[in-house]
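Undergrad: pasting the structure only:
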């Protein structure tokens, strides 16, 4: 049985209630719409325990998952969503020890996921032109204790990346098609490139530019996530869902392009 | 510039051609429908290089991503797909150093992803009743060099798991609702539980059982992945897609259930 | 050029404004959040004209389409949506001169569509147990001028339908599986049966019952409709969408069931 | 009980078998992979009856629905699919007595649906440049007995439509944006316009042109149809589905455009 400890990240949740994510601090207390909880009462109990506010409202204390952390990022910009992040990490093959570039930093959701995945030995280089976004992202990373894995670079990537020979590179900027020369210089051959884009016009522009800059194995896709109501005898999807976050574009830098260009053979139907 | 080396995993791909994933071995050669390539010619070249078969057909040599590895698993059973695996890893918060249980092993796609994500210090305990499936999965893991992170257990989980206090636990079996008592004993409090199920009837049965066994934060969802043709001036989705792999069910074991039961508040629309 | 006339149905719409559907009446006026319009100013102008409220806000006057009428039904219950209705009409082959049964009446959206499609010579028999729903639906039909094509029956279909030998029959009730004996008596052999159901449990129950009552060519499907923002240079789907209205179930009553039962061969990929 | 008669359209179907649609002719016989059936044995039996081939294989005889007819169109081109046609008919408000233009004719699936919906008093004007497509479409219409409702026009719509003041107009051509001047002349004010387009680039081009030609209430959408396996105790979607047929674009010609342009307020979530 693992007990909660001071200094750890915790998530408090309850029936029909807002979730709270915070770091356990013996001298702090948590204000909710349904009463106050003193952290000292939340420390030293088994994870998963039920606890009560001073109004007698019941909550549960849990370790936040990566998905919980991502959804609770403090944001001043659209974030990349968990449904997309999970797939991007697989496509970019992000794993412990890797060196990864991302731009722009934004509110830091993708930064958080990359820092999580590269582990203690890995490194994330996160670029943004705006100092305020980097500040926000850094605060979000500090909050979850992952800031030590990230180098923030306040810089316009028009002028190139400072880092090079990285294993993978992810762009979440409005005009990725303008920066592919810079990407090729920073991303090692054999690496993996990805981007997320809200509009079809941007996807067309990026596909054109990828072809011009010797990227192969291009793929474009979109991911939908539909939740269901949790009633066993009346199982059915929720009434509404997110219709769109962005199109995902992937490619691999290659050294020498055949006339007929490499293309990805199989899709994911298992016949691949 | 990183060069290919003997002993490394490589992927060979070309225009409209089947992909090949294999380990570079100076004495081996690769047979394709479009000619033969000697590994010795593929070793010591930069990743991303173009190479030619003895028939003059051009291929490119790349490091396979995790997604590539998963799609090339040798299989005797339905595998969990990358679109689902990426999201499952986020929801189960699988990360370096974790200890994870899965059942059943099947062909080993999920095992591969878990072994990848737990890193060198982590541990995967993979259960299956069938010796032949464990043999197949082990061969698949050996092929990608991750077998050292997995303990295979040939055992009917009806009799309980041998391992306990794991951080997360994933079930890909036809009747997960029958094993929740066993799951609660093996999964530490505060851990994360997930399952994939092809039919709605199974989802209803599992939801009922999760409620009976003090799981909270239940969620049911399904993920769709739609690919687009890569023609910038004629951007459009592919003609056909995978319509269904499985429903994903997630929950957290809690210690003490309130009458009104904890439920997940926000979905993933960013309003969470 | 066709001019608006007193007594016709009209729709008034404007930039970012609520739509209004009403019958043109020389003595009436329309109150909107953006000013008042006298019907007399809306009569005798070409359809499609711009008109202004007394506050100078511009609107356009258009004939409502069937879809507009359906979305503006006054409702006390969930209605069947246009995306589903269009497909149901095709599957039930509803056309001028047909005789059709539906139950329950509800707010009358499906009734409106059926009355529209059967034309002046056709007939809709609409059943509901509740007098208040029939009153509401009748008012909705009167509003669009189609009430003359419908016979409302306040009756529990448990006791059977009063009408028989109809060409097609549609059920929008919670337990259609309980009424298939009654359906078989009312629906002529060679006719078409359809139902809409919100939950998977209901679909399973109906499929079982259809098999027990000699229905063939069973099909279950769901329809999704995703809207796009109308910005040519930033084309992208809307942020949110309806995730679920209902599952559609179709079947044909047959006279004599083979051991191996008739099944629908092709789906709609054009390879049918 | 309605009996089959010589001269009627019939559909023959069986377990796991191809469907056949043909006109009953006492002197004809039907060849199938599972034996021969003489039409004379199929005439004068109740609709829905089981019948057997000379090899003892069982089939059922049913009246084809509009959806069945559309899926069995003989085609030399991509057809518009039933899932799209049903919604288009609602959006264009096609009903008995209407006059409708479509271009291009193609194989005649949309022509068939329009001819069905306009009824005996309505009229469809179907344009195509290619004589061979018109011949094919006419044969398809003759086959289902609806050719009397259609005027085929072999003509390049670049030169304008011969018919005018029609109630609605549907374009299924690669470059609808080039013909909106012609559309405005043919479509009466207050009418309804629709188009289907496979690519996002075409949608962007059409949206731009619609704005330039005083169309209001623009909407762009796409419809997905997912089938389920019909096993009550193992209810789940089919493995694969159609991922894309086309984007649907709708608009209404208006007479006078406000600076801020009319837009469609509500989508179809019932809050409209």
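TA: On my side now, so go ahead. Here the structure is a predicted model, which means the values were calculated and not measured.
Undergrad: is the longest strand anywhere in chain A up against chain B anywhere?
TA: Longest strand in chain A, counting residues (DSSP state E): strand A:215-228. Yes: for strand A:215-228, a contact with chain B is found by CB under 8 Å from any CB of the partner chain, at A:216-228. Glycine gets a C-beta too; all of them are placed from N, C-alpha and C.
Undergrad: What residues of the helix or strand just after that strand count as buried?
TA: Sequence order places strand A:240-242 as the next helix or strand after strand A:215-228, per DSSP states H and E. Going by neighbour count (16 or more other CB atoms under 10 Å in any protein chain shown), the buried part of strand A:240-242 is A:240, A:241, A:242.
Undergrad: Find the closest residue to chain D in chain A.
TA: At 3.8 Å from chain D, residue A:200 is the closest residue in chain A, using CB to the nearest CB.
Undergrad: Format the residues of strand A:215-228 next to chain B as JSON lines; extra columns: neighbour count and distance to chain C.
TA: Converted to JSON lines, the residues of strand A:215-228 next to chain B look like this (neighbours: other CB atoms under 10 Å in any protein chain shown; distance: CB to the nearest CB, whole Å):
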{"residue": "A:216", "neighbour count": "25", "distance to chain C": "27"}
{"residue": "A:217", "neighbour count": "24", "distance to chain C": "25"}
{"residue": "A:218", "neighbour count": "20", "distance to chain C": "20"}
{"residue": "A:219", "neighbour count": "18", "distance to chain C": "19"}
{"residue": "A:220", "neighbour count": "26", "distance to chain C": "14"}
{"residue": "A:221", "neighbour count": "21", "distance to chain C": "14"}
{"residue": "A:222", "neighbour count": "19", "distance to chain C": "9"}
{"residue": "A:223", "neighbour count": "21", "distance to chain C": "13"}
{"residue": "A:224", "neighbour count": "22", "distance to chain C": "9"}
{"residue": "A:225", "neighbour count": "22", "distance to chain C": "10"}
{"residue": "A:226", "neighbour count": "20", "distance to chain C": "5"}
{"residue": "A:227", "neighbour count": "20", "distance to chain C": "8"}
{"residue": "A:228", "neighbour count": "23", "distance to chain C": "9"}
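Undergrad: export those residues to TSV and tack on distance to residue D:71 and pLDDT?
TA: Formatted as TSV, the residues of strand A:215-228 next to chain B follow (distance: CB to CB, whole Å; pLDDT from 0 to 100):
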residue	distance to residue D:71	pLDDT
A:216	39	92
A:217	36	92
A:218	34	95
A:219	31	96
A:220	30	98
A:221	29	98
A:222	28	98
A:223	30	98
A:224	26	98
A:225	31	98
A:226	27	98
A:227	33	98
A:228	31	98
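Undergrad: The longest strand of chain A near chain D anywhere?
TA: No: applying CB under 8 Å from any CB, one finds strand A:215-228 out of contact with chain D, separated by at least 9.7 Å.
Undergrad: Return the residues of the stretch 101-250 of chain A in contact with chain D.
TA: A:200, A:201, A:203, A:204, A:239, A:240.
Undergrad: Contacts only, for the third one.
TA: Contact partners of residue A:203, counting by CB atoms under 8 Å, 6 or more residues apart in numbering or on different chains, are A:197, A:220, A:247, A:249, B:228, B:232, B:235, D:200.
Undergrad: Near the closest residue to it other than its chain neighbours, how many other residues are there?
TA: In space, and not counting its chain neighbours, residue A:203 is closest to residue A:247: 5.0 Å by CB to CB, 6 or more residues apart in numbering or on different chains. Residue A:247: 25 surrounding residues under other CB atoms under 10 Å in any protein chain shown.
Undergrad: Show me the beta-bridge partners of residue A:247.
TA: residue A:197 (DSSP bridges).
Undergrad: Next one: it from residue A:70, what distance?
TA: 19 Å (CB to CB, to the nearest Å).
Undergrad: what about the strands in the stretch 1-150 of chain A?
TA: A:9-13, A:20-23, A:29-32, A:35-38, A:50-52, A:58-62, A:99-103, A:123-128, A:150-154 (DSSP state E, counting those that start in this stretch).
Undergrad: Contact partners for residue A:202?
TA: A:174, A:175, A:176, A:177, A:247.
Undergrad: Chain A - how does it break down into domains?
TA: A:9-64, A:67-253 (automatic domain parsing).
Undergrad: Residues of chain A that sit close to chain C?
TA: A:198-201, A:226-227, A:233-244.
Undergrad: from those residues, which would you call buried?
TA: A:198-201, A:226-227, A:235-238, A:240-244.
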